[in-house]
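Trainee: Predicted coordinates and the sequence they were generated for:
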Amino acid sequence: MANNSYRTVYAFAREMYPKTVKTDIQYGTAGFRTRAVDLEYVMYRMGLLAVLRARYKKAVIGVMITASHNPEPDNGVKLVDPHGEMLEQSWEAWATKFANVADNKLEDTINELIKEYNITNMNDRVEILVGKDTRPSSPHLAKSVVDGVLALSGKPIDFGIVTTPQLHYFVKCRNTRGAYGLPTEDGYYKKLTTAFKNIRGSNFTNGNYTNRVIYDGANGVGAKKVKFLKEALQGSLIIDMYNDEIIGSGKLNYLCGADFVKSQQKFPTGLPVESNARCCSVDGDADRIVYYYLDENNKFHLMDGDRIATLVAGYLQEIVQQTGIDLNMGLVQTAYANGASTEYITEKLKVPVACVPTGVKHLHHKALTFDIGVYFEANGHGTVIFSQETKNKLKEAAKNNSYSEEQRKAIEKLQILIDVINETVGDAISDMLLVETILHAKGWNVTDWEACYTDLPNRLMKVTVKDRRVIKTKDAERICVTPEGLQKEINTLVSKYSKGRAFVRPSGTEDIVRIYAEASTRKETDKLAAEVALKVFELAGGTGNAPEIPQ
Ligand code: NG1
Ligand code: ZN
């Protein structure tokens with residue numbers, strides 16, 4: 001491709017987007033994420049990579065600028081593949097290479113990729129959809145992406161401020177030529193809310209269910225977008241929104257949002273205290289959601305991704321049974337899923353559960369192996385995927401008179417439900433509509449929902465070590481292979497506690513080792529977590545102060 005028409009790529013790189021950071025960064029589970037001021041050249045290069053990916057796949061590709069639940073000075077970028085899914089793993093390595101190569105090697109790297117994938121259509125004017133969250137640094141960084149796209153003669157289409165899942169949806173809509181929905185924001189709201197209203201019917205309440213939810217927008221895009229959603233819902237669901245200072249307030253994700261609520265296990269700032277009122281929080285790019293409430297004694301109760309997953313899987317299982325169609329359904333979790341949720345779903349609901357390593361792409365991938373795959377991370381990121389074959393079966397069955405009227409009603413309901421769901425990726429807005437649909441159908445309030453099972457107390461800890469890569473794991477991160485002897489020590493500690501479980505793994509997004517523990521009481525859980533943390537500290541080269549064991 002050493003072609004004069006691409007001179008702009010290198011001129012731009014040299015003059016406008018020189019590499020300003022020496023240390024390497026890595027395209028991880030959540031793309032690139034770091035301080036916004038260090039990202040300009042990375043964005044430009046991701047614009048280039050997106051064009052190459054689009055030419056290789058002969059499809060529309062997305063680029064989303066966000067740092068999700070991170071604080072405001074950070075930003076980040078992730079690429080969206082043709083079906084609206086995360087960037088294929090083999091290209092993550094290319095993304096890393098593109099980001100880290102010296103300015104004068106950028107041309108060689110582009111040529112290397114073109115050669116490796118034999119990209120011959122270098123003149124195709126491929127479309128790249130660009131979206132961004134509400135961070136003040138986002139518009140500027142979006143311009144860098146657009147410049148990268150233009151430098152390789154791609155066609156950037158800027159969708160402005162959108163949620164991450166909306167951009168994934170747009171990409172899928174574009175690539176299916178509208179079969180998945182209209183690739184516009186209005187199209188998105190219309191698809192989701194039409195299905196939602198259709199299932200709900202004219203009775204907005206049912207049994208213990210009331211159609212009002214208190215919503216924490218994390219001062220981000222999730223707040224901005226819910227305003228449009230509310231209009232489209234036409235009163236079928238009342239969303240009382242808080243934490244909706246959108247841009248420049250400096251409060252994005254601060255003491256609020258899904259990550260704060262889940263990791264601190266605390267009620268967020270800015271929401272009214274109302275006993276037993278159903279509340280939910282989304283994160284900074286609205287791809288995660290958790291529910292919670294405060295009881296009469298102001299005690300905080302969390303309904304995290306595991307709860308949502310069990311609610312959804314249980315309900316779908318019921319409807320599938322009513323359809324009389326043989327469909328295999330599975331729930332995908334990670335090792336962070338609360339043991340009580342796994343037990344409830346396997347023992348009580350009899351839905352098979354698969355456990356995969358942390359990271360949405362692993363969950364998504366596994367969910368694709370079922371006719372209906374439900375996946376959720378405990379932190380509230382998840383969705384449901386229906387295979388094309390399942391959709392075809394439903395379509396056929398809906399026309400088939402050998403099914404009873406009751407069965408056909410269930411089939412129709414399932415078909416409509418699919419349209420409430422954003423299958424491309426976890427989507428806080430769509431997940432909220434799904435949860436509300438199920439609670440409405442069951443006539444449940446938040447305490448009825450919680451009564452399904454009792455979470456085991458759990459604790460997440462971090463330990464800083466010299467090099468977190470010394471920790472290697474297997475069996476979906478549940479077993480630690482190195483450093484030698486660590487797993488044996490963990491086993492000994494765990495065996496002292498009733499319902500004890502613990503595992504350790506290196507974080508993919510921070511320079512730390514994470515420790516997870518659960519046991520039958522809070523006191524035991526805290527002790528087990530600290531004991532395991534101390535073993536990690538001792539055997540894996542801990543730095544700083546050693547973890548203290550509570551007495
Ligand atoms: P790491 O840092 O690898 O544990 C965290 C979350 C993941 C996922 C990614 C991407 C936990 C324990 N880990 O990964 O679930 O969401 O961030 O954002 O919540
Ligand atoms: Zn997010």
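Mentor: Noted; the coordinates are in hand. Ligands and ions are numbered 1, 2, ... in the order given.

Trainee: where does this structure come near ligand 1, residue by residue?
Mentor: By Cβ under 6 Å from any ligand atom, the residues of the chain that approach ligand 1 are 29-30, 68, 336, 358, 377, 379, 381, 507-510, 514. Placement of C-beta: from N, CA and C, glycine included.

Trainee: Nearest to ligand 2, out of those residues: which one, please.
Mentor: Ser68 (3.1 Å; Cβ to the ion).

Trainee: Look at the closest residue to that closest one other than its chain neighbours and say how many residues are nearby.
Mentor: Of all residues not flanking Ser68 in the chain, Asp285 sits nearest, at 4.9 Å (Cβ to Cβ, 6 or more residues apart in numbering). If you count neighbours by other Cβ atoms under 10 Å, Asp285 ends up with 33.

Trainee: wait, is Asp285 part of a strand?
Mentor: No - counting by DSSP: H, G, I helix; E, B strand; the rest coil, Asp285 is located in no strand; its state is coil.

Trainee: related to what we said a few turns ago, separate out the buried members of the residues of the chain next to ligand 1.
Mentor: 29-30, 68, 336, 358, 377, 379, 381, 514 (16 or more other Cβ atoms under 10 Å).

Trainee: picking that back up, the residue nearest to Ser68 is in contact with Met64, isn't it?
Mentor: Yes - in terms of Cβ atoms under 8 Å, Asp285 counts as a neighbour of Met64; the distance is 7.5 Å.

Trainee: Spit out the residues that contact the two alike.
Mentor: Thr164 (Cβ atoms under 8 Å, 6 or more residues apart in numbering).

Trainee: List just the nearest of the residues of the chain next to ligand 1 to Gly222.
Mentor: Nearest to Gly222, judged by Cβ to Cβ, of those is Ser68 at 10.8 Å.

Trainee: That closest one: what's it in contact with?
Mentor: 30, 33, 76, 164, 259, 283-285, 287-288.

Trainee: Tell me the secondary structure at it.
Mentor: coil.

Trainee: And the pLDDT at it?
Mentor: We have a pLDDT of 88 for Ser68.

Trainee: again with Glu72
Mentor: 86.

Trainee: my guess is it meets Pro136, correct?
Mentor: Yes - with contacts counted by Cβ under 8 Å, Glu72 reaches Pro136, the gap being 7.3 Å.

Trainee: neighbour-wise, which of those two wins?
Mentor: Neighbour count, other Cβ under 10 Å: between Glu72 and Pro136, Glu72 has more, with 21 against 15.

Trainee: follow-up on the earlier one: among the residues of the chain next to ligand 1, which are in reach of ligand 2?
Mentor: Here is what survives when the residues of the chain next to ligand 1 are matched to ligand 2 using Cβ under 5 Å from the ion: Ser68.

Trainee: Endpoints of stretch 153-173, how far apart?
Mentor: One end of stretch 153-173 sits 23 Å from the other (Cα to Cα, to the nearest Å).

Trainee: So which bits of that stretch are buried?
Mentor: For stretch 153-173, by 16+ other Cβ under 10 Å, it's 153-154, 156-159, 161-173.

Trainee: out of the residues you listed, which are inside helices?
Mentor: Among those, DSSP state H puts 164-173 in helices.

Trainee: show me where pLDDT drops low in the chain?
Mentor: Per-residue confidence for the chain (pLDDT under 70) gives these ranges: 1-8, 247-250.

Trainee: What ranges does the stretch 51-200 of the chain have for its helices?
Mentor: Listed in chain order, the helices of the stretch 51-200 of the chain (DSSP state H, counting those that start in this stretch) span residues 89-100, 106-116, 138-151, 164-175, 185-200.

Trainee: Dump those helices into JSON lines; add distance to ligand 2 as well.
Mentor: Below are the helices of the stretch 51-200 of the chain laid out as JSON lines (distance: least, Cβ to the ion, whole Å):
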{"stretch": "helix 89-100", "distance to ligand 2": "18"}
{"stretch": "helix 106-116", "distance to ligand 2": "28"}
{"stretch": "helix 138-151", "distance to ligand 2": "14"}
{"stretch": "helix 164-175", "distance to ligand 2": "6"}
{"stretch": "helix 185-200", "distance to ligand 2": "17"}
